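Colleague: mind folding the following:
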Amino acid sequence: MREFCIVLTLFLASTATGAAAFTCRLVVDGKTYVDGPCNYHPHVYEHGNDGSFDITSLSNGMFAYVFRNADGSADGWWPGPNGATHAHTSLGTLRRDGACWENSHASVCAWR
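Modeller: Got it, this is the predicted structure:
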């Protein structure tokens, strides 16, 4: 039984790591808060399949939300530079540029 638990633990750890097949970047006012492996979560159930999503860094837990608007832009939110537990700080209106959603002071990116 002990061997089974060890194998199960190793399997779950490897699949959890493998599930994060995304790389993300979050830059705000020239400072990089996320740059590397991340969890990417599409907001399919909350917003339909409109492309809204959130990212969370695997290294430091920093996160950001991107909510698509009907006009093709998006609104970005994050917890702020001190890493609060809620994404209460606006990143403003973002426009898509490849794998990134950006404006003059923020960039939220996610790619495989």
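Colleague: ok, longest strand in this protein?
Modeller: Criterion DSSP state E: the longest strand present in the chain is strand 31-42.
Colleague: how about residues contacting that one?
Modeller: 19-20, 22-27, 49, 51-60, 62-64, 78, 81, 110 (CB atoms under 8 Å, 6 or more residues apart in numbering). Bear in mind the C-beta positions are built from the backbone N, C-alpha and C, glycine included.
Colleague: narrow the residues you listed to just the buried residues.
Modeller: By neighbour count, with 16 or more other CB atoms under 10 Å, the contacts of strand 31-42 hold 20, 22-27, 51-57, 62-64, 78, 110 as buried.
Colleague: so which residues of this structure form helices?
Modeller: Secondary structure of the chain (DSSP state H): helices at 2-19, 44-47.
Colleague: which of those helices comes out lowest on mean pLDDT?
Modeller: Mean pLDDT is lowest for helix 2-19 out of the helices of the chain, coming in at a mean of 41.
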